[in-house]
Structures are given as structure tokens and as C-alpha cells.
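> compute the structure for the input listed below.
(one chain, ligands or ions: 1)
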Amino acid sequence: MKDCLTVALPKGRLGEQVYARFAAAGYPCPGLTGDSRRLIFETEDGALRYFWSKPSDVGAYVERGAADLGVAGRDILLEYRPAVYELQDLGLGLCRMAVAAKRGFRDDRRRTLRVATKFSRIARDYYASLGRDIDVIHLNGSIELAPILDLSDVIVDIVETGTTLKENELEVVETILPISARLIANKAGYAFHKRRIDALAAALAFDSEE
Ligand code: PRP
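Below is the predicted model:
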């Protein structure tokens, strides 16, 4: 169907919770959770079509209108700053962005602080607000390795249960901000499909499973 709304969902644990919310809101699409190699899945009534995206790419699809809607963590939105409307906090994927270090770490403010992170912009903004000089070491995963191997003094990363830190003898030094998943919309697409998107957002706000 030509007039369906296209939705970018973040791959992974968060995406599964987000899809469950869409399904409960009346937009199920069983094929989406199967093990098919298809990339794009349409609901039976043709109202929506979904695709899985790397979480950090959701904003790019929505900003440029390849997707009308998407779901992205606040971490991704603050890091990549896509020019999109943030319509709603879905209350899913709750975690926090935090500074962590080896247990007992004390910051020596005479030295530039080495910060390893996937979230360079968030780290820079945070330490700029404190007036603290840092050297950002941009990594793409397993950030916890950096302080253990003395690649960095601290990390700026997502903490959910805290298990990864604990198992690696690291601890939170400071919480930077709370994170949750947000429903985002392409600006032009929102103006064009306002009624349908508002109805969808209202349905998503109610989760019959909760
Ligand atoms: C994220 C994050 C931490 C972990 C935190 O990693 O970077 O490593 O989850 O979760 P926890 O507090 O519940 O242990 P992710 O699984 O996304 O993989 P990554 O190492 O590639 O970043």
C-alpha cells in the first residue's frame, strides 16, 4: 500500500520491546520477529511497514524521510542530533548514561582525563559543562575494556543493570543523564500525516501488557 507509514525500529533488545508495544497498540506484524532475511515488513492491513535498523542509524532514516517514524534512545538522539520531532517518551529501554572507572578511581585534575566512549559528543558536552579538559578515545563497543587495559581513565557509557561494570570491577563515578526510548518523526512527514501519526502515538502511550 502506497500510503502506509514507514517505521524504523532499533535492532536488539530494545527493538523487541518496542515492537511488542506497537503490536499491543494494534499494529502487529508477525513476520517481523521471524528469522526471515527480508528487510521490510508490512502489517496485514497495510497501515505500517517496519524495518530493523542499527540503533544509531534510526535518526538518519527519519531525518531524511526514508522512514516517517522511528524509535531511538535518548542517548542516540543526543549523540547524533538528527533534525526530527521527538513525539513521545515510550518509557522503554530505561537506563542511564554514566561515567565509570576502576574501583577507587580518583580524578587528578592536574592531568587531562582520558575518556573512552561510543558517545563522544555526550562526553565532550558533559565535561565542557564541568570545565574539565579531556582526551576522547572513540571506541565502538566493549568500552569497559578501556580502563582495565589502561587505555583510558574513565568511560562514558550506558549502564542498565550494572552487571557489566560489576563483573569487570568497575563502578559508576557519576550519572550524566537518564535514558529512555523516544518515538521520533520526520518533520515533513509529520505535517503531512499528522492525524494518523497522532493516533498512533496515542495508541503507543497505552501498553495493555503493563
Ligand atoms: C551496553 C553498554 C554496556 C552494557 C550495560 O553494551 O555499552 O556494556 O550494555 O548493561 P548492564 O549495565 O546491564 O550490564 P551493549 O550490550 O549494547 O554492547 P557494546 O559492548 O557493544 O556496547
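> all strands of the chain, in order?
For the chain, the strands defined by DSSP state E occupy 5-10, 40-42, 48-53, 69-73, 85-89, 95-102, 113-117, 134-138, 154-159, 170-179, 181-185.
> just give the number of residues close to the closest residue to G26 other than its chain neighbours.
Closest residue in space to G26, ignoring its immediate chain neighbours: A203 at 5.8 Å, by Cβ to Cβ, 6 or more residues apart in numbering. Glycine gets a C-beta too; all of them are placed from N, C-alpha and C. For A203, the count of nearby residues is 15 (other Cβ atoms under 10 Å).
> at the geometric centre of this structure, which residue sits there?
Against the mean C-alpha coordinate of the chain, by Cα atoms, centre = their mean, the closest residue is G73 at 2.5 Å.
> could you list the low-pLDDT ranges of the protein?
The chain contains residues with pLDDT under 70 at 1-2, 206-210.
> residue farthest from the centroid of it?
What lies farthest from the middle of the chain is R110; by Cα atoms, centre = their mean that is 34.1 Å.
> please report how far it lies from D133.
The gap separating R110 from D133 is 10 Å, by Cβ to Cβ, to the nearest Å.
> same deal with P55?
Distance, P55 to D133, by Cβ to Cβ: 30 Å.
> what of D125?
Noted for D125: a distance of 14 Å to D133, by Cβ to Cβ.
> how about L204?
To D133, L204 is 43 Å away according to Cβ to Cβ.
> just E79 next, same as before
The gap separating E79 from D133 is 21 Å, by Cβ to Cβ.
> what about these two, which has more around it?
When E79 and D133 are compared on other Cβ under 10 Å, the one with more neighbours turns out to be E79, at 21 against 11.
> tell me who's in contact with the more buried one.
56, 118-122 (Cβ atoms under 8 Å, 6 or more residues apart in numbering).
> put the buried members of the residues you listed into a ChimeraX selection.
Buried subset of these, written as a ChimeraX selection, criterion 16 or more other Cβ atoms under 10 Å:
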select :56,118,119,120,122
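> and which of the contacts of E79 is nearest to the ligand?
Among those, K118 lies closest to the ligand (Cβ to the nearest ligand atom), at 6.2 Å.
> I'd say E86 and I184 touch.
Yes: using Cβ atoms under 8 Å, E86 is in contact with I184, at 5.5 Å.
> so what's in contact with the two at the same time?
Contacts common to E86 and I184, judged by Cβ under 8 Å, 6+ apart, are L77.
> those two: who's more crowded?
I184 (26 against 13).
> ok, now how distant is T175 from the ligand?
Here the criterion is Cβ to the nearest ligand atom, to the nearest Å. By it, T175 lies 12 Å from the ligand.
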